[in-house]
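> what's the 3D shape of this:
(4 chains)
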Amino acid sequence: MNEAELIEAFKAQMREDPDVASAVAAIRALLEFLKRDKGETIQGLRVNLKNAIETLSGVDSSVAVSSGGELFLRFISLTSLEYSDYSKCKEIMIERGELFLRRISLSRNKIAKLCHTFIKDGAQILTHAYSRVVLRVLEAAAASKKRFSVYITESQPDQAGQVYVNFALSKLNVPVTVILDAAVGYIMEKVNLVIVGAEGVVESGGIINKIGTNQMAVCAKAQNKPFYVVAESFKFVRLFPLNQQDVPDKFKYKADTLKTNRSLTEEHPWIDYTSPSLITLLFTDLGVLTPSAVSDELIKLYL
Amino acid sequence: MPSPSGIRTRGGPEADAAEGPRACARRRMMAARGSGRRGAGTGGARGPDPQEEPPPPLQAVLVADSFNRRFFPVSKDRPRVLLPLANVAMIDYTLEFLTATGVEETFVFCCWKSAEIKEHLHKSKWCRRTSSNKVRIVTSDLYRSLGDVLRDVDAKSLVRSDFLLVSGDVVSNINVSAALEEHRMRRKLDKNVSVMTMIFKESSPGHRARCQEDDIILAMDSTTNRVLHYQRTQELKRFRFPMSLFQSNIETVEVRYDLLDCHISICSPQVAELFTDNFDYQSRDDFVRGLLVNEEVLGNQIHMHVTAEEYGAHVSNLLMYEAVCSDIIRRWVYPMTPEMNFTDDETQSYTHSKHNIYRGAEVSLGHGSVLDENVLIGQGTIIGSNCSITNSVIGQNCKIGDEVILDGAFLWNGVHVADSVEIRQSIVCDEAEVKEKVKLNPHCVLTSQVVVGPNITLPEGTVISLHSPDEEEEDDDEFSDDSGVNKEENKVKLKGYNKAEVGSEGRGYLWKADDENEADEEEQRQSLWGPTLNPEEESETESDLSLGSEQPDSRTASPQLDDIKVFQNEVLGTLQRGEEENISCDNLVLEINSLKYAYNIGLKEVMQVLSKVVMEFPFQQLDTELDPQHYCVMLIPLLKKWSPVFKNYIKRASDHLDALSAIEEFFLEHDGFHTSIAKVLMTFYQLEILAEEMILFWFSQRDASDKGRQLRKNQQLQKFIQWLKEAEEESSEGDQD
Amino acid sequence: MPGAAEKESELSERIEAFVARLKQGGERFSSEEAARQTVGLLRKIIGHGRWGSAGELMALIRKEGKRMTAAQPSETTVGNMVRRVLKIIREEYGRLHGRSEESDQQESLHKLLTSGGLSEDFNTPYPPLRANVIEAISELLIELEGTTDNIAMQALEHIHSNEVIMTIGYSRTVEAFLKEAARKRKFHVIVAECAPFCQGHEMAVHLSKEEIETTVMSDAAIFAVMSRVNKVIIGTKTILANGALIAVSGTHTLALAAKHHSTPLIVCAPMFKLSPQFPNEEDSFYKFVSPQEVLPFTEGEILSKINVHCPVFDYVPPELITLFISNIGGNAPSYIYRLMSELYHPDDHEL
Amino acid sequence: MAERGGRSGAGPPLSREPPADGQTQELSKEEKLQLRKEKKQQKKKRRDEKGQPAESSIPGHPQAQPPGAAPPMPAPVPSEGLAGSEKPAGGKSKAELRAERRAKQEADRALKQTKKVESTPAAAPAKPRLPPSEPQSMVKRVPEHVQVDDPAAQKRLAKKLERQQVPLRPDYGAKVNLFSHLHQYSRKMPLTQQMSIPATAIHPAVVRLGLQYSQGLLNGSNARCLALLQVFRQVIRDYSTPPNEELSRDLVARLKPYISFLNQCRPLSASMGNAIKYLKKEISGLSSTLREEEAKGKLQGSIDGYVREKIQLAAEAISKYAFEKISDGDVILVYGCSSLVNRTLCDAHANGRAFRVIVVDSRPRLEGRDTLRRLVRKGIRCTYVMITAISYVLPEVSKVLLGAHALLANGSVMSRVGTSQIALVSKAYNVPVLVCCETYKFCERVQTDSFVSNELDDPDDLIVPGKGGAQLHGWKENSSLRLLNLVYDVTPPELVDLVITDLGMIPCTSVPVVLRVKNVEQ
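Prediction:
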């Protein structure tokens, strides 16, 4: 299976199911790749997969994809440790891969179940950008006869928030207000809690998410409002950014902008890093975690 | 009321009778020293004594019927004790209270709608095997009053030792163990003199949970907690205290008006016996008053226990219902709060959140609906949008439309309220329906399945029921009203509903006549809602509506003349019978007492009437004109015979003077007999009915009319007085050496 | 077995009594006692209850556990103990089932990747299970006995001489802790009385009996005096999964004051107070008693016009807490989640 | 007293030398002038020290020397101060005593003369010196009610009281050693019980007032201040100048024992301090040419004036300003019982603002209940909680409105204990904190904590009758158990968003500005 096919498979995944997380799509694509792979040795397989991941992140440079890829690699290597015989190992891999996909497909509901209890009746919620998980949480809350209203940033440059409202939020009948990105500080004093999704959860327990998340977190901290993050566990990524500068460029900018080798100084970054000290709790399919628990999980996985 | 002279002779303190209740709330008076005939209250000393046998298991008698019809027409559909109080039947609160306070066996006496009560209890947790409080149900349609119940208790000899006596509408979290301990100690110390300990709660006047009808003022001995005087204050502008209160050598008499009667009393088995002995005791009040008045005769005392911390109240009318309900919501009865779900009924599980908002399971609220504060919403209730609800209780499976305003509304189960309805301080019973744009003003009552509206405003105090008010007449003669009604279910809706009253789609009869007769309306309002806190509202008494316990004392203190006349004749009759079948004096006393209650005659009147009757007795025997000698001949043996009767009534200085004045009066009427007055007085004196100093004092009274002086001029009398004087001097000299 | 019926009825009565007592909201009913009683009852249930397999047993425990917890939501130790027992059953079952320890771990990314079947069933009956579980529970009981002492042991590591220590209300654990320290060192304790119940008075009297220099003050003075305090040591009712506290009301103020003067705040709490719940429905943790405590009934007419609240507990966010001292040592609030995952199984978090 | 000695040391040597060697030769003219200025300043300083008998002249004492004689004696203050400090060292010789007495007389006469001088243009150079000397006078002596731990100071106090025939109030029970520098009195034993107070020494009205203070019948700095002024008004009415005395001086002297008596009953509040300061200023400001009646009338008038504008009008103004800050639907949290806050709320309610009030209260005083009753009577919706429960109610609160006992020069608010922690928690829930305070409660003192200058109330108040509280009863026997019943605490400026005064709304950091303005206008 060559790059073109791989990319095609990836894009197909995204197309047929708009609700799917890019990481999941990537993993599916990779699984597909694995099935069709002609390699004879684990090492060979690993190399091919690495390249495949490279190409994928070439298409979509989001943290999610790379985290998904890494997870997949890890999963390969873990299984390969158990079984020596390659062919046996491979089918196990495929079988488990399916299982894995089935698991993570459940994760959003798990999160919603955990998180919606934190939304009290009559709550005012502030959220940022476009997150399917947040949507799921809000749906769950609405389903449990909670009355709440939502403020959402339009989140420039791509107006993701506006889109979000039009496509999703308007469906569950709760009052929704779109606010300027610049109005976060203004609105903060009247909201009860902040819920955002995440593209990636880094080892420090901080998150990488759509640009503007950080400022929202800072405001929330200043006003002592809880700042909740909802993210599936496959978004956990082995990365430890110290500050915004420390976040690799490949995440900050879109893949195509990176290709055009103009100087990035006048490019708008698409994501920013929010430090764990600003986060109250993370809701994952592994349960409700304090930021410090995230690294614990990653350690358990990779060490 | 003691005549001032009585005080002067005793040199006691001036007890002003015309005193407002607030003024004499918790007011302390030292009793005057000197010759008080009352025995001192003994048994103040407490302390655990070594040989203490373990107390027997505590029993309770729960009277699940209030032998009156205050809750009509509500209680026509549902016995009073099952009325939901914050969505839980009253009787459950009472039982929970009993259980929590350590009662191990409870006898529930029901009469009206006993079947329903039985069924409820069987379903409840009280009849589970695991319940620590064994509930036994005793039913009979013959009970007409608390008295009957207790007589039955005595007859069946159900109670083995001290027991708790409560009615089925008491809500309380009091732990009586302390009071019980005191009670037992008392009985141990002074050999069963104290038969009952009443439990009161401290609460300042004007408190909402203090129902005016039940308001009492009482005098107690604050060292021994003995109740000395007990009086209902309703509609009394001035209170009267027997002078003896302050003359007895009880050091610390306390007059208290800051007490709320919890209607919980610890009784010894004697109480039941006493009820049996005194056929005329109907209510606990009769009992208390009876005991207090002829304490000497029966030699029993009543004590009291005052609690400051805990809560205790009894739902005697709808105002109290309202008050107690909101107290429950405001958690005064902790731990008996809605979310505690003490009835273990899964449909009764609530979550409690800020501002005392309680929500049952799957309650749904429309957008923009605000639950302001103190709201209880039962399971499965659906509330529309933009409603404002405050201080209200909503039952299970109610449907409430949009733009509804509920303020102090009490909706029971399955009530339907349409859009833009406004309900204030009203009660809507099971399955009633309120249609669009109806406005219920305060103190409205819609009994079950009534329908009102649309577009109608019910004036204040409207009561609408499916039972038509004319059902009343038949059972007005009944003593207990509740029992008579069973036969009437068949005769419902004999005439159509008045659309003007209940609205175009309405169903139900208006229970109060509108303008034509104010009085009835007043009665209605009062009988249901009871008097509100501002006194001018209560002008009528409900005496003729409810022949219940409140009846006698709801009259004003000074009885009308005709009463006295009747009373006099009765007394005369009694004495004649006494003469013929020569009944013992004690029984005579008892009868006279019972008459006294029946006609609510003050001691003073009794005194006068008695002496008058006795003096005139000879004429009744043979109405021929007889001369003084004959008269004396006939009178004196009578006096001798009945001297105990007199003694029983002539105790205090004032009594003496009353008697004397009565005698004087008699002689003034029959001036032919002036000569024999000396003899008569002599007899009285010798029989030690009248004290000499009293006679002297009477004689020396200057305010006598000229005829009076005439009388005093009579030389036999002069002699007699002279003689007395000398006697006194001698005695005083005797004292000197 | 003979007399099973009586045994069960007797058992159910005891449960009733326990539930009733919880409902009465018994003050002076220490968490430790509650924990011990709960475990005791559960052990009896396991002993006499009718069950074949671990699955049934767990269902049984859950059922009873729910009732006990519902009786007094603020008394979280009950629920915690139920969860502990459930966990024990899982482990024992696992051992018999021949599964290694760590495979039955809190679910993790690792598990997500590796493990096979979605969830194992507890249906295979094992005769020795009953005995094993009961034995394990007895161990748990023993552990409960020792908690307070274990905490007190560490006192000297945290209190140096001539300190001024502030505490609030009455906590048996803290009392033991301070007394232990007092045997070696001299220090000054300031007790906030904690109105309206004023448990603080009792605390103060007990401490002063041990010759500890003690000062009682009203709660209003907490912040005023805090500037001279160099450690705050408090007990708590519950530790939540995020390291927050549900402690006697007034503690939040105390914690904030301590934060303001950056005075270390140390919480002495045995492990059984760890509850896997999160502060999502705080209201259920708060417990409200009769307004009587705050405003006496004798106030008269105004009572009907006003609202009086008397919450018993406060929520103290984790960032205000410096250190937890439990019977297994000191921990930072951020580490609580870990202890949590060791104590309870995630599936048991809601009963 | 260390400061004091220090300052006298700092004073020009001239004033110091004479006691060293009692030289009595004529001083040169300018020396005299210099001396007068010196004295004038000393005088001014002393005037600020309330209740301090800097120049306590024995009233009945006849004027020994004929007036106008050359002043051979040194300035009184240093000697007085030294006397005070060397007192413990041992008794003084007759000579010293005489010297001291004459020194006093001298001081008095000198004072009279300075007055004349001031009135005459001759002393023109003195005038410009006045404003600069103002800040200097602000450097205050430590009031003795905060140095109980210093035996010397106590002795001095005792001596002074004895001179003024004012009974000394004994401390009660063991004190928390952090607060051993403060008095701790018991309500059980009020001052007047132990010794009868000669009516000559203390006006009965003052005695009554003192009792009301010590029994806690009069609370709240406003109430206390008003009562004080009324009593002084009465005192002045009943006052008559003794023969060959001057009202302006004798009256001040007469008030001193009163003040120190009241101080014994309960330490003066800042408001009272300011009022007294004002009154003294008025009195000594009287021109000696006035006839007694006129003078008394003038004084009473000025007292009324003070009450009207400083307290009543101020309150009006404040409630007007506060009204702007109270908006419909607000939930306002108040603490304890502040007459000003109550009034503000009632006015706002009367003017048709719809708001709810949460009354927070604390043991042992439970003053909040009065607030509650007042507000409820006015028909305001109220909620009542204990101070432990504030973190439960605060989330719904929109504003916190607090009263103040005094505003200190460093911007911190001194108020009923508990206020500061309410401000603290409010900050945590970011609820704005407003403090209402009339400007006459501003005072020059600076204070950073609640320890240095505070008040200890009767410790027995902490004992709760009945449940559990019984344990505390034996606290006096228990050597290691102490009860602390603090009265005030100090709220750091950063916790207060806004102070509403009669001059408008100011941040509490600008208190010193207001003070300066006041000083200039006075």
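> use CA for all of it now, contacts and neighbours both
Noted.
> residue numbers of the stretch 401-522 of chain D in contact with chain B?
Residues of the stretch 401-522 of chain D found near chain B (Cα under 8 Å from any Cα of the partner chain): none.
> near chain A, which residues of the stretch 401-522 of chain D show up?
D:428-430.
> chain B: which of those is nearest?
Of all those, D:Y429 has the smallest distance to chain B: 17.1 Å, by Cα to the nearest Cα.
> am I right that that closest one is in contact with A:A222?
No - with contacts counted by Cα atoms under 8 Å, D:Y429 stays clear of A:A222, the gap being 10.6 Å.
> neighbour count winner among those two?
Higher neighbour count among D:Y429 and A:A222: D:Y429, with 18 against 14, using other Cα atoms under 10 Å in any protein chain shown.
> the more buried one and C:K287, how far apart?
Distance, D:Y429 to C:K287, by Cα to Cα, to the nearest Å: 22 Å.
> what does C:T263 give?
Distance from C:T263 to C:K287, by Cα to Cα: 28 Å.
> which of the residues of the stretch 401-522 of chain D next to chain A sits closest to chain C?
D:A428 (7.8 Å).
> was I right to think the closest one contacts A:A222?
No - contact criterion Cα under 8 Å: D:A428 and A:A222 do not qualify, at 10.0 Å.
> what do these two both touch?
Residues touching both D:A428 and A:A222 by Cα atoms under 8 Å, 6 or more residues apart in numbering or on different chains: none at all.
> and C:L42, what does it touch?
Per Cα under 8 Å, 6+ apart, neighbours of C:L42: C:61, C:82, C:85.
> secondary structure element holding it?
helix C:31-48 (DSSP states H and E).
> center of chain B - which residue?
B:D285 (4.5 Å; Cα atoms, centre = their mean).
> sec struct for that residue, please.
Put simply, B:D285 is helix when judged by DSSP: H, G, I helix; E, B strand; the rest coil.
> which element follows whatever helix or strand A:F33 lives in toward the C-terminus?
Assigned by DSSP H and E, A:F33 belongs to helix A:22-36. Proceeding N to C from helix A:22-36, the next assigned helix or strand is helix A:42-59, under DSSP H and E.
> now that following helix against helix A:22-36, angle please.
140 degrees (axes from the mean of the first three to the mean of the last three Cα atoms, to 10 degrees).
> which other helices and strands contact the helix holding A:F33?
helix A:3-16, helix A:42-59, helix A:63-82, helix A:86-115 (3 or more Cα pairs under 8 Å, 6 or more residues apart in numbering or on different chains; DSSP states H and E).
> which one of these is the most hemmed in?
helix A:63-82 (a mean of 21; mean count of other Cα atoms under 10 Å in any protein chain shown).
> where are the low-confidence patches of the stretch 301-450 of chain B?
The stretch 301-450 of chain B contains no residues with pLDDT under 70.
> I meant to write chain A there.
For chain A (pLDDT under 70), the answer is A:1, A:261, A:303.
> tell me which parts of it are close to chain B?
Residues of chain A lying close to chain B (Cα under 8 Å from any Cα) are A:145, A:147.
> wait, a strand at C:T215?
Yes - according to three-state DSSP, C:T215 belongs to a strand.
> and for it, the neighbour number?
C:T215 has 25 nearby residues by other Cα under 10 Å.
> buried residues in the longest helix anywhere in chain C, which are they?
Counting residues, the longest helix found in chain C (DSSP state H) is helix C:129-153. By 16 or more other Cα atoms under 10 Å in any protein chain shown, the buried positions in helix C:129-153 come out as C:129-130, C:132-134, C:136-137, C:140-141, C:144, C:147-148, C:150-153.
> equivalent analysis for stretch D:167-184, please.
D:167-169, D:172-176, D:179-184.
> for chain C, what's its nearest residue on the stretch 51-200 of chain D.
Using Cα to the nearest Cα, the single residue of the stretch 51-200 of chain D nearest to chain C is D:V176, 7.0 Å away.
> I'd say that residue and C:T215 touch.
Yes - counting by Cα under 8 Å, D:V176 sits close enough to C:T215 to count as a contact (7.0 Å).
> now do the shared contacts for those two.
What both D:V176 and C:T215 touch, as defined by Cα under 8 Å, 6+ apart, is the set D:482-484.
> secondary structure class for the residue of the stretch 151-300 of chain D found nearest chain B?
Residue of the stretch 151-300 of chain D nearest chain B, by Cα to the nearest Cα: D:L217 (23.0 Å). Secondary structure state of D:L217, per three-state DSSP, is coil.
> any idea of the angle the longest helix of chain C forms with helix C:31-48?
170 degrees.
> just checking, what packs against the following helix or strand past helix C:129-153?
Per DSSP H and E, the first helix or strand lying C-terminal to helix C:129-153 is helix C:155-158. Contacts defined by 3+ Cα pairs under 8 Å, 6+ apart place helix C:155-158 against helix C:172-182.
> can you tell me which helices and strands the helix it packs on packs against?
Using 3+ Cα pairs under 8 Å, 6+ apart, helix C:172-182 sits against helix C:129-153, helix C:155-158, helix C:199-209.
> average pLDDT for it?
Mean per-residue pLDDT for helix C:172-182: 92.
> so what touches that helix?
If you take Cα under 8 Å, 6+ apart as the criterion, helix C:172-182 is touched by C:148-149, C:151-156, C:159, C:203, C:206-207, C:210, C:212, C:233-235, C:268-269.
> quick one, which of the residues you listed are buried?
C:148, C:151-156, C:159, C:203, C:206-207, C:212, C:233-235, C:268-269.
> top of the shared contacts of D:V176 and C:T215 by neighbour count?
D:L483 (27 neighbours).
> A:R132 against A:D19, yeah?
Yes - using Cα under 8 Å, A:R132 makes contact with A:D19 at a distance of 7.2 Å.
> out of the two, which sits in the more crowded spot?
A:R132 (17 against 11).
> now do the contacts for that one.
A:R132 neighbours (Cα under 8 Å, 6+ apart): A:19, A:197.
> ok, the one 10 residues further on next?
Residues touching A:A142, when contacts are defined by Cα under 8 Å, 6+ apart, comprise A:148, A:172, A:174.
> just the angle between the host helix or strand of it and helix A:86-115, please?
Using DSSP H and E, A:A142 sits in helix A:132-143. Counting by the same axes, to 10 degrees, helix A:132-143 lies at 40 degrees to helix A:86-115.
> against which helices or strands is the helix or strand following helix A:132-143 packed?
Downstream of helix A:132-143, the first helix or strand assigned by DSSP H and E is strand A:148-153. Applying 3+ Cα pairs under 8 Å, 6+ apart, one finds that strand A:148-153 contacts strand A:123-127, helix A:160-164, strand A:176-179.
> tell me the most buried of these?
strand A:123-127 (a mean of 22).
> is any part of it close to chain D?
No - using Cα under 8 Å from any Cα, strand A:123-127 stays clear of chain D, with a minimum separation of 12.7 Å.
> give me the helices and strands touching that strand, please.
Counting by 3+ Cα pairs under 8 Å, 6+ apart, strand A:123-127 packs on strand A:148-153, strand A:193-196.
> make it 10 Å
helix A:132-143, strand A:148-153, strand A:176-179, helix A:184-188, strand A:193-196, helix A:213-222, strand A:227-230 (3 or more Cα pairs under 10 Å, 6 or more residues apart in numbering or on different chains; DSSP states H and E).
> export these to TSV and tack on distance to A:T117?
Listed next are the helices and strands packed on strand A:123-127 as TSV, based on distance: least, Cα to Cα, whole Å:
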stretch	distance to A:T117
helix A:132-143	7
strand A:148-153	12
strand A:176-179	20
helix A:184-188	21
strand A:193-196	13
helix A:213-222	20
strand A:227-230	12
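> how about the contacts made by A:A29?
In this structure, A:A29 makes contact with A:5-13, A:23, A:35, A:52-53, A:56, A:69, judged by Cα atoms under 10 Å, 6 or more residues apart in numbering or on different chains.
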